[in-house]
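Colleague: Quick one, fold the following:
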Amino acid sequence: NSNEPPAPTTRSWTIPTLGKRHQAPTKAAFDLLSSPFLRSAFTWPAKHLGKSLLVVGEAPIAAGVAVEVTGNLGEPEAVVTAMAGDHGEAVDLEAMIRGTHVRHTNQHQALRTRVQTFEDGISASHRSSPIPGFDDRLFQQTQRLHMTLGVMALVERDSTLAASGSGGATAPAGEAPLQAPSAPAAPAKKTIAEALDLLNSLRPAIMDIISDTGDISVPLTGLHIMNDKPDEAYVLWTGAGTNTDNSSLWRASLLVYDKFREAGFVLDNRPLKLHCTLVNSTFRRPRQAFSAAEIIRRVAEEPELAGIQKAGKQSVAPGDVETEADFGTYGVDEIHLWKMGSWDEQKRYVSVGHIKLK
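Modeller: This is a model prediction of the structure:
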């Protein structure tokens, strides 16, 4: 039948992969980044959103091309299949794939999914049987999950610079200018530009660390509180905690933390504690403590909420949750300077600058 549409053109290639440390889904849809207009033309299956990207070189890409990968991206090779339908223009599929590499670049969607599972489970349990001091407002929104290296008070520009033409007392002709008694000069406030200059200056040393001990990976494990009163907690967090090894994570983190303290940007003298906050009492006013012990007990009843595999265990104890909770391990591609309390259109923090580590 001449009215039937032509069959789609399908080709497959086996190509090398990058980032062998990552374990990606066995089958995922990929975005094609080399064409500016394809992002809007390509329709993502919802279940694949944000999982991975296929980075394509300079080859021309046309709208209407679908790409998927089969295989474990933690292995050296993956099979990439491209399919072009009849969209009125020729598509060189081989040119599209030639010289490309697969890399796992948006793995944080997996983190958001895991934390959302935890939050949904605790929220449902709380509705069934209230957790003392808790409500859903205390959850960190998943798009705002972060790990802090230091907190700074910065200004847009040097506030000590005098404005030109500023007003002041004047003296009659022939007399010495009137001068007000001089007050002690206030210390100059640090600026965003200065902080970014320092961050950029540290990039070569961070890259040397990565070259020496491997890429930076952040394990988000365990469930912990900041104080020593589990029934009157203010923060529940997961993460690496205090320095326990010589990994790239700790070497790079301490480098940034120490250099920013030495330069007077970070005034906190406490030891660095790498943590990702999941529940925070400051999200509610007035601030009120909650029972982290009860949250951990609920997780012990449903350990899958925190990524705990029962294996041969008949039950999971609250103490097991504190050490065995596992929200995954994630690579670090960038270090940002975020504006605290800010919100972008997707409710994330607003970045005022960053360095790339890839």
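
Colleague: In which helix or strand does the closest residue to Glu294 other than its chain neighbours reside?
Modeller: The spatial neighbour of Glu294 that comes closest, neighbours along the chain excluded (Cβ to Cβ, 6 or more residues apart in numbering), is Ile131 at 4.8 Å. Every C-beta, even on glycine, is put in place using the N, C-alpha and C of the backbone. Counting by DSSP states H and E, there is no helix or strand that carries Ile131.

Colleague: State whether Met152 and Val266 are indeed in contact, as I suppose.
Modeller: Yes - the criterion here is Cβ atoms under 8 Å, and Met152 meets it with Val266 at 5.9 Å.

Colleague: end to end, how far does stretch 223-232 reach?
Modeller: End-to-end distance for stretch 223-232: 15 Å, by Cα to Cα, to the nearest Å.

Colleague: Outside of it itself, list whatever touches it.
Modeller: 132-133, 233-239, 241, 275, 278, 289, 291-296, 299, 306, 321-322, 325 (Cβ atoms under 8 Å, 6 or more residues apart in numbering).

Colleague: Show me where this protein has its helices.
Modeller: 38-41, 93-97, 108-128, 192-213, 248-262, 292-301, 318-324 (DSSP state H).

Colleague: Contacts for the last one, please.
Modeller: If I follow you right, that is helix 318-324. By Cβ under 8 Å, 6+ apart, helix 318-324 touches 221-224, 293, 296-297, 299-300, 303, 306, 308, 316.

Colleague: Try it again at 7 Å.
Modeller: Outside of helix 318-324, the residues within contact range by Cβ atoms under 7 Å, 6 or more residues apart in numbering are Gly222, Leu223, His224, Ile296, Arg297, Val299, Ala300, Pro303, Ala306, Ile308.

Colleague: got the buried residues for that helix?
Modeller: By neighbour count with 16 or more other Cβ atoms under 10 Å, helix 318-324 contains the buried residues Pro318, Asp320, Val321, Glu322, Glu324.

Colleague: Between those, which sits nearest Thr117?
Modeller: Minimum distance to Thr117 across those is 14.6 Å, recorded for Val321 (Cβ to Cβ).

Colleague: Do you know the pLDDT at that closest one?
Modeller: For Val321, the pLDDT comes out at 94.

Colleague: Over to His108?
Modeller: We note a pLDDT of 77 for His108 in this prediction.

Colleague: And Lys347, by the same measure?
Modeller: pLDDT, read off for Lys347, is 88.

Colleague: So it sits against Gln143, correct?
Modeller: Yes - Lys347 lies in contact with Gln143 (Cβ atoms under 7 Å); the separation is 5.6 Å.

Colleague: Would you mind telling me which of the two has the busier surroundings?
Modeller: Gln143 (13 against 10; other Cβ atoms under 10 Å).

Colleague: And the more buried one, how far from Thr323?
Modeller: Remark: distance between Gln143 and Thr323 (Cβ to Cβ, to the nearest Å) = 28 Å.

Colleague: Check Leu196 too.
Modeller: Distance from Leu196 to Thr323, counting by Cβ to Cβ: 38 Å.

Colleague: ok, how many other residues are close to Ser246?
Modeller: In this structure residue 246 is Asn, not Ser. Counted with other Cβ under 10 Å, residues neighbouring Asn246 total 10.

Colleague: who's in contact with it?
Modeller: With contacts defined as Cβ under 7 Å, 6+ apart, Asn246 is in contact with Thr213.

Colleague: same thing with Asp197?
Modeller: With contacts defined as Cβ under 7 Å, 6+ apart, Asp197 has no neighbours.

Colleague: and with 10 Å instead?
Modeller: If you count contacts by Cβ atoms under 10 Å, 6 or more residues apart in numbering, Asp197 has them with Thr191, Ala263, Gly353.

Colleague: what's the answer for Ala293, then?
Modeller: Applying Cβ under 10 Å, 6+ apart, we find Ala293 in contact with Ile131, Pro132, Ile225, Lys229, Pro230, Asp231, Glu232, Ala233, Pro318.

Colleague: buried ones in stretch 243-261?
Modeller: Neighbour-count burial for stretch 243-261 flags 243, 247-253, 255-257, 259-260 (criterion: 16+ other Cβ under 10 Å).

Colleague: how far away is the closest residue to Leu236 other than its chain neighbours from Ile209?
Modeller: With sequence-adjacent residues excluded and distances taken as Cβ to Cβ, 6+ apart, Leu236 is closest to Val279, at 3.9 Å. Noted for Val279: a distance of 32 Å to Ile209, by Cβ to Cβ.

Colleague: quick one: which of those two has more around it?
Modeller: Between Val279 and Ile209, counting by other Cβ under 10 Å, Val279 is the more crowded of the two (23 against 20).

Colleague: Tell me what the more buried one is bridged to.
Modeller: Legend: beta-bridge partners of Val279 under DSSP bridges are Phe139, Leu236.

Colleague: Was I right to think it contacts Trp237?
Modeller: Yes - between Val279 and Trp237 there is a contact under Cβ atoms under 10 Å: 8.0 Å.

Colleague: Now list whatever residues contact both of those two.
Modeller: Here Val279 and Trp237 share the contacting residues Gln140, Leu223, Ile225, Ala292, scored by Cβ under 10 Å, 6+ apart.

Colleague: Lovely, talk soon.
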